[in-house]
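**Student:** Structure for this input, please:
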Amino acid sequence: MKKIFMVALAALALCGSIFAKTFVIDLGDSKNGSTISIVKNPYAPNYQCELPADFTAFFEGNMPQPGDKIELHYNFTSNVDIEWLNVVVIDNSEAAKYWLEISDWKGVSNIKAGAPNVGVIEYKVVKKPIKNLTVMFSYDKALNAKLTLAKAGAKTGSVK
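**Tutor:** Below is the predicted model:
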């Protein structure tokens, strides 16, 4: 009986991964404009963007679920060197009490001022967004960076 239960549990896990979707975000499509300002966080000792990059409109009615994946395609330049930039997908809506982590934390390293930073970050969705789908940036040093976003060539809103 125990063996049958374990086989059934494994089959269920496999089925879940078969139905998992991948949601695509191109950072250059942010509805909050093409510049992200990273300033002192008034609630913690780090620095974070004043306004997260917003992609909610692309996914209304089809938000990612736990187990799904998000591909974040990025192409940006910074006005300052940044050793490590933390990047996380959050729901920053009032309904989510302004901070609900949808993904784990990932990052981009060795950012040089004025140089293009291009790549893809893949996330696993750990919590369902309540209302918004946004991308938050942060770091620990007093840099007051401005990130200028550009299209990375992906189609935001597409689901694979």
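**Student:** isn't residue 76 right next to residue 145, touching?
**Tutor:** No. Between residue 76 and residue 145 there is no contact under C-beta atoms under 8 Å: 10.1 Å. Glycine gets a C-beta too; all of them are placed from N, C-alpha and C.
**Student:** can you pull out the helices in this protein?
**Tutor:** 2-18, 56-59 (DSSP state H).
**Student:** Remind me what the last one packs against, helices and strands.
**Tutor:** Same thing as helix 56-59. Contacts defined by 3 or more C-beta pairs under 8 Å, 6 or more residues apart in numbering; DSSP states H and E place helix 56-59 against no helix or strand at all.
**Student:** Can you tell me what sits against it?
**Tutor:** Helix 56-59 has contacts (C-beta atoms under 8 Å, 6 or more residues apart in numbering) with 23, 25, 29, 31, 131-134, 156-157.
**Student:** Return the per-residue confidence for residue 48.
**Tutor:** Each residue has a pLDDT score; the one for residue 48 is 95.
**Student:** Could you report the separation of it from residue 136?
**Tutor:** 6 Å (C-beta to C-beta, to the nearest Å).
**Student:** Same check on residue 145?
**Tutor:** Separation of residue 145 from residue 136 (C-beta to C-beta) stands at 14 Å.
**Student:** List the contacts of the residue lying closest to residue 36 once chain neighbours are set aside.
**Tutor:** In this structure, residue 36 finds its nearest non-sequential neighbour in residue 147, 4.2 Å apart by C-beta to C-beta, 6 or more residues apart in numbering. Residue 147 makes contact with 35-36, 38, 49, 76-78, 137, according to C-beta under 8 Å, 6+ apart.
**Student:** what's the answer for residue 124, then?
**Tutor:** Neighbour list for residue 124: 67-69, 103-104 [criterion: C-beta under 8 Å, 6+ apart].
**Student:** shaky segments in the chain?
**Tutor:** Where the chain drops to pLDDT under 70, the residues are 1-18.
**Student:** Strands of the chain, residue ranges please.
**Tutor:** 22-26, 35-40, 47-49, 53-54, 69-78, 82-91, 100-101, 106-111, 117-124, 134-139, 146-149 (DSSP state E).
**Student:** elements contacting the third one?
**Tutor:** Counting contacts by 3+ C-beta pairs under 8 Å, 6+ apart, the secondary-structure elements packed against strand 47-49 are strand 35-40, strand 134-139.
**Student:** closest to residue 63 out of those?
**Tutor:** Across the helices and strands packed on strand 47-49, residue 63 has its closest neighbour in strand 134-139 (12.0 Å, C-beta to C-beta).
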